Every structure is written in C-alpha cells, then in structure tokens.
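J.: after the sequence you'll find the predicted model.
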2 protein chains.
Amino acid sequence: MSVFYPNGQPYKGKSQAVQSGPASEIVYGHRGMSLEEDLNVTNRYYIETDQAVIYKKPTPIQIVHVDYPKRSAAKITEAYFRRASTTDYNGIYRGRYIDFEAKETTHENYIPLKNFHRHQVEHMKRIKRHGGIGFIIVKFTKRSEIFLLDADYLAAAWDESLNGGRKSIPKRIFQDHGSLIPQKYLPRVDYLQNVCEVYF
Amino acid sequence: MSVFYPNGQPYKGKSQAVQSGPASEIVYGHRGMSLEEDLNVTNRYYIETDQAVIYKKPTPIQIVHVDYPKRSAAKITEAYFRRASTTDYNGIYRGRYIDFEAKETTHENYIPLKNFHRHQVEHMKRIKRHGGIGFIIVKFTKRSEIFLLDADYLAAAWDESLNGGRKSIPKRIFQDHGSLIPQKYLPRVDYLQNVCEVYF
C-alpha cells in the first residue's frame, strides 16, 4: 500500500529510508569517481580475471631538469606536460588490438570536438586501417551515461567540422550508433560487453 | 681473380678501400645512436610508410607538485620516476597486436636478467596467452648486433633463475632461437622483417 503526503509525494517508511542510506552512500561515492578512475579500476579487473590486457598510457612529460641526490631517488625539478600523439588506452582482447580515448562532458546533448585533437583522430584512422578496433568512450556526466562509439563517427564529425560543419558530436549520434555501457559495482564500466556486441 | 698477401689475407684493391670509406662513415655515425633512438626513428618510418602503428609508451612519472603560473604553461616542480608495469613498446602490425621490450647490454656473451623486471615478464606471458605477439629486442653493443627473441625464452630464463638457474640469458640463445635484425640506413633497425619471418 502506498501512502502519500498532502503534496502528492509518496511517503517512504522510516525503515526504508534507513536501508537506502548505506546503498546510496555507495552510489554517491561511485558518482564522485572520474571516468578515468573508473576505467583504471575496470581495466585492473579485466587483467585480474584474465579477460583482456588493456592499460592507460602514462601522461607524456617533457623533462627539463633532474636532481640526483645521494642516497635517494632521482627528483625531477622541472618538467612540462606534453600533448599525446596517440590515444590514452590500448591493449589486447580476444586476440584483437584495442585502442580508445575516453572523455567526459558536462554538456547534456553533445560533446565538443575540442576534447579530441587531430593526432588522435589520425591515429584512430590508422588503427582501423591496420585491422584494429578503435572507439571513443564518452561520459555525459549530467545523467551519468557512458557510451561507446566507433572511431569512424568521430572521424566523420571531425572531417565535417573542417568543412564548416558543427564543432561537436550530438548525443543523438551516440544513442543511434553507439552503445550504452553498463555501470555496475564490478567491473564499474563494463565496456568489454559492448566491444563484444559491436565487433565480434 | 683473388690476390693474397703472403700471410694469406686477401688483397683488396685501392679503389675498393676508397669506396668502403663513406659507407663505414655512415655505420660509425649510426653506432653512436642508442637502441631507443634507433627504434623511435624506425617506428616513425613504419608509421609514415603505413606499415605498422607502433609507439614507445611515455615514461611513467609520479607527479607530486605542479605550479600554475599565470599566462604560461603548467610547470611540474616535483616528480619522480616510476617503474613501468608493462613493456615499453606496443602497437599493431598486419592486424596483430605487437608488444616488446628493448634493452642494450655491454656484456659480450649474455644479458643479465636484471635488465627486465617481474611485471614485464608477467605482462608478456599474458599478451601471448591472449593471442598477441610478444618479444624482446636486445642490442649487444660490443659487436653492435641486435636480436629479436620471442618472449617465451625470456619467461623460461626468468623461471629458471627463480629455481637457482643462471641470472642471465646467454647470447647463444639469441643466436640459436632468435633472429638477427638487419641494420640499415632506413629503417635503421628493421625488426618488422624479423616479425614477418617468425610470426607470419
């Protein structure tokens, strides 16, 4: 039996509220995680369960000065971030080469193309030409939805933008041509399910 | 007609000696390059000629402090080198996932196993189990010889060393089971020729 407050909102019994406490704590904790953290935990899970061997590449750094103090570790005292010439993630799954880039956007209905750069788009075109699997993973943070989309759609949007087209990929493209990645406790962002469906 | 000195060595005509001059100049210049530099140039050549897409991963760095000065690039002021959990190089060639580690040794007849570490050996075992191609490239600098050797031989030597066996891989293993990589002007270290012979 449902009970309603005078304003029409359903009454939730005290015990229910208490029960949902710890569960929603976990969910909120999870929501606070960045896509990158979630993917790192997911990839570690894939390696531990021997499903795939996929890693995030280290951030490229231009090292300018290093101190070598006696009896302690070399200390980098001047360095700068460099732009990556490839995507962030690659590895192997069921004998196939896997390559992808992961991005978050706070926009509700699109992701700006400036989240990617030319070298990455060219890299993914090359990967596909050589028989690899290439895609992007995009998290729309407002609704906490994560999609996998084949790199061909990124390349098409990129090329269109160079010819005066829009400077973003609409969420509709992800809904129509991509696939929604299941989010769970473990693995958190189970994108290999989508890779299976789309490429195998 | 061959002409011999009294000691039995063949006589090489003057014109021959002059011809070999410029060629050996190139070789000496080449010898000064590290294996890593040679592989980077080689991999760039493979990408430019669209033969393969293989990159060296950036060195993993633990960043401790970053300054964000106004109107200029973020400056890392404290950071440390971390040990890589995978190999240095990976990518795709003729549809197959490629993974390798490259090392130089000054020892004439062996390479010490301490040039590799446990995570790398485990990583290469995983790669092979998942259908990838995994190997090591080792340069014996004394004679400037570079070999490709399948990762199984590294794993076998590693496991033997844990059971009290020798702490190195003898050059004989490279000569008997590996393959000598051709060194030329371009590409400098043409290891894809060896990959072709060994794995395709």
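T.: Okay, I see it. Numbering: from 1, shown residues only, chains lettered A, B, ... in the order given.
J.: any idea what A:Glu104 is bridged to?
T.: Following DSSP bridges, A:Glu104 is listed with bridge partners A:Lys139.
J.: close to chain B, is stretch A:180-192?
T.: No: Stretch A:180-192 lies apart from chain B when judged by C-beta under 8 Å from any C-beta of the partner chain; the minimum separation is 12.3 Å. The way it works is simple: take the backbone N, C-alpha and C, and place the C-beta from them, glycine included.
J.: list the buried residues of that stretch.
T.: By 16 or more other C-beta atoms under 10 Å in any protein chain shown, the buried positions in stretch A:180-192 come out as A:Ile181, A:Gln183, A:Pro187, A:Arg188, A:Val189, A:Asp190, A:Tyr191, A:Leu192.
J.: who touches the third one in this structure?
T.: The neighbourhood of A:Pro187, defined by C-beta atoms under 8 Å, 6 or more residues apart in numbering or on different chains, consists of A:Val41, A:Thr42, A:Tyr45, A:Tyr46.
J.: and the buried residues of stretch A:180-192, which two are the farthest apart?
T.: The largest separation in the buried residues of stretch A:180-192, counting by C-beta to C-beta, is between A:Gln183 and A:Leu192 at 13.4 Å.
J.: okay, the buried residues of stretch A:180-192 in a markdown table with secondary structure and pLDDT next?
T.: Shown next, in a markdown table, are these (DSSP: H, G, I helix; E, B strand; the rest coil; pLDDT from 0 to 100):
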| residue | secondary structure | pLDDT |
| --- | --- | --- |
| A:Ile181 | coil | 98 |
| A:Gln183 | strand | 96 |
| A:Pro187 | coil | 95 |
| A:Arg188 | coil | 95 |
| A:Val189 | strand | 97 |
| A:Asp190 | coil | 98 |
| A:Tyr191 | helix | 98 |
| A:Leu192 | helix | 98 |
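J.: what's the closest of these to A:Glu36?
T.: A:Glu36 lies nearest to A:Val189 out of these, by C-beta to C-beta, at 10.3 Å.
J.: does that closest one really touch A:Ile146, like I thought?
T.: Yes: counting by C-beta atoms under 8 Å, A:Val189 touches A:Ile146, with 5.9 Å between them.
J.: shared neighbours of those two, which are they?
T.: Joint contacts of A:Val189 and A:Ile146 (C-beta under 8 Å, 6+ apart) are A:Leu35, A:Ile137, A:Ile181, A:Gln183.
J.: can you pick out the most distant pair from those?
T.: Using C-beta to C-beta, the shared contacts of A:Val189 and A:Ile146 reach their maximum pairwise distance at A:Ile137 and A:Gln183, which is 11.8 Å.
J.: find residues that contact each of those two.
T.: Shared contacts of A:Ile137 and A:Gln183, defined by C-beta under 8 Å, 6+ apart, are found at A:Ile146, A:Val189.
J.: where does chain A have low pLDDT?
T.: A:1-32 (pLDDT under 70).
J.: ranges for the helices of it?
T.: For chain A, the helices defined by DSSP state H occupy A:14-31, A:35-48, A:118-129, A:151-162, A:171-177, A:191-199.
J.: contacting residues around A:Tyr45?
T.: Going by C-beta under 8 Å, 6+ apart, A:Tyr45 touches A:Leu186, A:Pro187.
J.: try it again with 10 Å
T.: Neighbour list for A:Tyr45: A:Gln51, A:Ala52, A:Leu186, A:Pro187, A:Arg188, A:Val189, A:Asp190, A:Leu192 [criterion: C-beta atoms under 10 Å, 6 or more residues apart in numbering or on different chains].
J.: if I look at it, how far off is B:Asp99?
T.: 21 Å (C-beta to C-beta, to the nearest Å).
J.: for the contacts of A:Pro187, pick the one with the most neighbours.
T.: A:Thr42 (22 neighbours; other C-beta atoms under 10 Å in any protein chain shown).
J.: so what's that one closest to, chain neighbours aside?
T.: In this structure, A:Thr42 finds its nearest non-sequential neighbour in A:Pro187, 4.3 Å apart by C-beta to C-beta, 6 or more residues apart in numbering or on different chains.
J.: quick one: the residue nearest to the spatial centre of chain A from chain B, how far?
T.: In chain A, the residue lying closest to the centroid (C-alpha atoms, centre = their mean) is A:Ala102, at 3.7 Å. Distance of A:Ala102 to chain B, given as C-beta to the nearest C-beta, to the nearest Å: 17 Å.
J.: and if you look at A:Arg126?
T.: 5 Å.
J.: against B:Ser161, how distant is the closest residue to that residue other than its chain neighbours?
T.: Excluding the flanking residues, the one nearest A:Arg126 by C-beta to C-beta, 6+ apart is B:Val53, at 5.0 Å. Distance, B:Val53 to B:Ser161, using C-beta to C-beta: 34 Å.
J.: in terms of neighbours, single out the busier of those two.
T.: B:Val53 (24 against 16).
J.: is the more buried one in a bridge, and if so with what?
T.: With DSSP bridges as the rule, B:Val53 is bridged to B:Ile92.
J.: check the gap between the nearest residue to A:Arg143 once chain neighbours are set aside and A:Lys142 for me.
T.: Once flanking residues are discounted, A:Arg143 sits nearest to A:Glu108: 7.4 Å by C-beta to C-beta, 6+ apart. Separation of A:Glu108 from A:Lys142 (C-beta to C-beta) stands at 5 Å.
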